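[1] coords below, sequence missing:
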């Protein structure tokens, strides 16, 4: 691995981000497919983790548009679209498989969805 310039470095960062995002996307698909076999406690824990993940993905997506983490290109942008879609599928799967009482007890955790929406909205609002 050789980095000859800052442009070269950003290209490497985007390349590795792309690989990581593709792996996460595959993992999210597998997780969504296995939701039904998890215990109630595991589903609650996973829902909380995915709510936080969604926010972190959206924040990193926003950072890329601001030139951080190697910036943004078409491949990375599409990876974020795919991951956001799969993460929301996972969230939906967990929500569909949890009792209403449990979901009401978790209402404070859902603030991450609002923050995620606001972050993504700001991406498209800035351009």
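    Noted; the coordinates are in hand. If you're wondering where the values come from, they're calculated on a predicted model, not measured in any experiment.
[2] Below-threshold pLDDT in the chain: ranges please.
    Scanning the chain with the threshold set as pLDDT under 70 gives 1-2, 126-127.
[3] hey, where'd the helices end up in it?
    6-33, 40-65, 74-96, 100-105, 111-126 (DSSP state H).
[4] Make a markdown table out of these and add mean neighbour count.
    (Glycine included, C-beta is placed from N, CA and C.) What follows is the helices of the chain, written out as a markdown table (neighbours: other Cβ atoms under 10 Å):
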| stretch | mean neighbour count |
| --- | --- |
| helix 6-33 | 14 |
| helix 40-65 | 18 |
| helix 74-96 | 17 |
| helix 100-105 | 11 |
| helix 111-126 | 14 |
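[5] mind listing what residue 21 touches?
    Going by Cβ atoms under 8 Å, 6 or more residues apart in numbering, residue 21 touches 76, 79, 80, 82, 83.
[6] go with 7 Å
    For residue 21, the contact set (Cβ atoms under 7 Å, 6 or more residues apart in numbering) comprises 79, 80, 83.
[7] for residue 61, same thing?
    Listed by Cβ under 7 Å, 6+ apart, the contact set of residue 61 reads 80, 120, 123.
[8] so can I have a markdown table of the contacts of residue 21 showing distance to residue 8?
    Below are the contacts of residue 21 laid out as a markdown table (distance: Cβ to Cβ, whole Å):
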| residue | distance to residue 8 |
| --- | --- |
| 79 | 21 |
| 80 | 23 |
| 83 | 26 |
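[9] Tell me the one of those residues nearest residue 69?
    Nearest to residue 69 out of those is residue 80 (Cβ to Cβ; 11.3 Å).
[10] Identify the residues contacting the closest residue to residue 31 other than its chain neighbours.
    Distances taken as Cβ to Cβ, 6 or more residues apart in numbering put residue 90 closest to residue 31, at 5.7 Å, once the chain neighbours are dropped. Neighbouring residues of residue 90 by Cβ under 7 Å, 6+ apart: 28, 31, 32, 50.
[11] Understood, closing this out.
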